[in-house]
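# fold the following for me, if possible:
(2 chains)
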Amino acid sequence: MLKVQGLCSGYGRIRVLEDVSIEVAEGEIVTLIGANGAGKTTLLMTLCGKPAASAGSVTFQGKELLGMPTWKIIRQGIAHSPEGRHIFPRMSVLENLQMGAQAADPAHFKQDYERMLDLFPRLRERLKQRAGTLSGGEQQMLAIGRALMGRPKLLLLDEPSLGLAPMIVRQIFDIIREINQKDGMTVPLVEQNAFHALKLAHRGYVMVQGRITMAGTGADLLADPSVRAAYLEGGA
Amino acid sequence: MNYFLQQLINGVTLGAIYGLIAIGYTMVYGIIGMINFAHGDIMMIGAFISLIAFLVIAALGVTSVPLALVLVLVCALFFTSAYGWAVERVAYRRLRGSFKLAPLISAIGMSIVLQNGVQLVQGARVKPLAPVITGGIELSGAESSYPVTLGWLQIVIILLTVALMAGFTWLIQRTSLGRAQRATEQDMGMAMLLGINVDRVISMTFVIGAALAGVAGLMVTLYYGVVDFYIGFNAGMKAFTAAVLGGIGSLPGAMLGGLLIGLIEALWSGYGSIEYKDVAVFAVLILVLMFRPSGLLGKPEVEKV
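Numbering: from 1, shown residues only, chains lettered A, B, ... in the order given. Modelled structure (predicted):
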């Protein structure tokens, strides 16, 4: 579904990604793990056109994405829930969800909206509240819900567990599993929480200093001694 | 008391005009963080277009005042919108993402271009327009020593402003475009990640701001009866002061600030000295910047994350 080949990218003169190639098939959860600053977030952002790639290709359902402006890439059927959540703090929860649906057919709004509130019951209680006043976990739920409101075929999730309590993290991971299994959503997932992410994912990639150094099924990577040593020992 | 009432009426009228212009400043600042110094000159363009449109419509033999007003309003809205769009497209868009001063300097340049362009085409002399709307309601009794009048024109200006502000508030709060504008203002990168064409949203912001300034230009033409190429500077600075007083970036703030600046100017002219009315207004700007830089209705700086 998504094919990334030889992708290079960075900020100004600083190169971050070096010759990155990954593939994501329809219906898969594919996780990308790696240390801080490895370039995981940059990879997801480059897929969306910001920063612009300096070399390589990104095809989504056979269509080349590189060179398109961000808003057009998103309208191909991709949603991105970025690191740090980036909900609109001075808009209500409802308005945040409406913003998520901006790229979708308005005819689906009512149905999608009810589905989000079923998926995240906490948001139902807070519809009129300013999103900036939500707790961190609620904000993360809103960010994912907002991304899903665009009816994406591919959901890019960047650090959905960042800074959240373990119980909330479990809830969020359950929901990712649910939308994957029930709706067949394809989810490239970037995570610091390698243990949870690898358990959830069908496949995974390990990124070190802007390069993909290892690939395999979630279970294989979990069992791999070098992955264990680098990302899991003491962390799980 | 009568004198005070009269100054109050004049102040509210002026304030309505400043408020309409101030919205354009504050909206653009909110979304792309720049002060569009050419905005006052868009108002001036609106004033000239109104003047020309009145003359053309009169030459065509339209005698109905309401019809003429509506036609002129449509002309002013159309042309100033086009100017607003073009100014952003030509002078600001390419500078987005460059250092912060670049669009500001470009805006000053654009202001000079607009002023001198109009001066070149229309001449530097003041252009008069015969009063279109005359008369009014006498609010005080005939025996009163100081008559208070509420002019029909003042009524038109105030009602039109209230209607425009209500419509504008509705647009920002309830429509999909308004939501996209607020989202872009709060987090431009995220708006893009939701499939918003941010360039288009910014263009529309300039168009809406310019259209409101264009209506203000029409009001200035009618109210003062004279226009020249330089009126945009002074009115623009006052509207900018209004936007700062209300809290730059805040839309209700711009409306409130406009009203207050209009009142300050009118009352100062009435009770102090009319020569120093601009001093009073800009002293307010300095005081606000010194003691309450976020303005009366400015947004709180801190948000929970």
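# and for residue B:277, the neighbour number?
By other C-beta atoms under 10 Å in any protein chain shown, 18 other residues sit near residue B:277. Backbone N, C-alpha and C define where each C-beta goes, glycine included.
# in the helix or strand hosting it, what's buried?
Element membership for residue B:277, per DSSP states H and E: helix B:277-291. Of all the residues in helix B:277-291, those buried under the rule 16 or more other C-beta atoms under 10 Å in any protein chain shown are B:277, B:280-281, B:284-285, B:288.
# ok, the residue nearest to residue B:177 when sequence neighbours are not counted to residue B:79 distance?
With C-beta to C-beta, 6 or more residues apart in numbering or on different chains as the measure, residue B:204 is the residue that lies nearest to residue B:177, at 6.2 Å, once sequence neighbours are left out. The spacing between residue B:204 and residue B:79, counted by C-beta to C-beta, to the nearest Å, is 17 Å.
# so what's residue B:300 scoring on pLDDT?
Note on residue B:300: pLDDT of 56.
# now the helices for chain A?
A:40-47, A:70-74, A:93-100, A:109-119, A:121-125, A:136-148, A:166-183, A:194-200, A:218-223, A:225-227 (DSSP state H).
# okay if I get the ones you listed as a markdown table plus mean neighbour count?
Formatted as a markdown table, the helices of chain A follow (neighbours: other C-beta atoms under 10 Å in any protein chain shown):
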| stretch | mean neighbour count |
| --- | --- |
| helix A:40-47 | 24 |
| helix A:70-74 | 21 |
| helix A:93-100 | 24 |
| helix A:109-119 | 15 |
| helix A:121-125 | 14 |
| helix A:136-148 | 24 |
| helix A:166-183 | 15 |
| helix A:194-200 | 21 |
| helix A:218-223 | 17 |
| helix A:225-227 | 13 |
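# and of those, who's closest to residue B:268?
Residue B:268 lies closest to helix A:93-100 among the helices of chain A, at 41.5 Å (C-beta to C-beta).
# hang on, the earlier thing: of the helices of chain A, which is nearest chain B?
helix A:70-74 (3.8 Å; C-beta to the nearest C-beta).
# re earlier: now for the helix holding residue B:277, which elements pack on it?
helix B:231-246, helix B:251-271 (3 or more C-beta pairs under 8 Å, 6 or more residues apart in numbering or on different chains; DSSP states H and E).
# may I ask which two of the buried residues of helix B:277-291 are separated the most?
The widest separation within these (C-beta to C-beta) is 17.2 Å, between B:277 and B:288.
# mind checking which of the helices and strands packed on helix B:277-291 is nearest chain A?
So among those, helix B:251-271 is nearest, using C-beta to the nearest C-beta, at 12.2 Å.
# what's the burial count for the residue lying closest to residue B:144 once chain neighbours are set aside?
Computed as C-beta to C-beta, 6+ apart, the closest residue to residue B:144 that is not its neighbour in sequence is residue B:2, at 6.0 Å. Around residue B:2 there are 14 other residues, counting by other C-beta under 10 Å.
# then residue B:207?
Count around residue B:207 with other C-beta under 10 Å applied: 19.
# now the one 3 residues further on
Other residues near residue B:210 number 30, with proximity taken as other C-beta under 10 Å.
# how about residue A:25?
Neighbour count for residue A:25, taken as other C-beta under 10 Å: 12.
# quick one: contacts for it?
Residue A:25 sits next to A:1, A:186 when contact means C-beta atoms under 8 Å, 6 or more residues apart in numbering or on different chains.
# returning to what we had before: and the helices and strands packed on helix B:277-291, which is most packed in?
Mean neighbour count (mean count of other C-beta atoms under 10 Å in any protein chain shown) peaks for helix B:231-246 among those, with a mean of 26.
# how close does the closest residue to residue A:26 other than its chain neighbours sit to residue A:155?
Excluding its sequence neighbours, the residue lying closest to residue A:26 (C-beta to C-beta, 6+ apart) is residue A:1, at 4.5 Å. Here the criterion is C-beta to C-beta. By it, residue A:1 lies 12 Å from residue A:155.
# overlap in contacts of these two?
Contacts common to residue A:1 and residue A:155, judged by C-beta under 8 Å, 6+ apart, are residue A:186.
# related to what we said a few turns ago, what mean pLDDT does the host helix or strand of the residue nearest to residue B:177 have?
Element membership for residue B:204, per DSSP H and E: helix B:198-224. On average, the pLDDT along helix B:198-224 is 97.
# could you do stretch B:107-118 as well?
On average, stretch B:107-118 scores 96.
# pull the CA atoms of it into CSV?
What follows is stretch B:107-118 as a C-alpha-only set of coordinates in CSV (Å, rounded to 0.1, in the frame of the first residue of the first chain):
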residue,chain,number,x,y,z
ALA,B,107,4.2,45.5,3.7
ILE,B,108,5.6,49.0,4.1
GLY,B,109,6.7,48.8,0.5
MET,B,110,3.3,47.7,-0.6
SER,B,111,1.7,50.6,1.3
ILE,B,112,4.0,53.1,-0.5
VAL,B,113,3.2,51.4,-3.8
LEU,B,114,-0.6,51.7,-3.3
GLN,B,115,-0.3,55.3,-2.1
ASN,B,116,1.8,56.5,-4.9
GLY,B,117,-0.1,54.5,-7.5
VAL,B,118,-3.3,56.2,-6.5
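# what sits up against it?
B:34-38, B:40-42, B:44-45, B:48, B:83, B:87, B:90-92, B:229-230, B:232-233, B:236.
# what's around the residue of chain B found nearest chain A, how many residues?
Minimum separation of chain B from chain A (C-beta to the nearest C-beta) falls at residue B:195, amounting to 3.0 Å. Close neighbours of residue B:195, defined as other C-beta under 10 Å, add up to 25.
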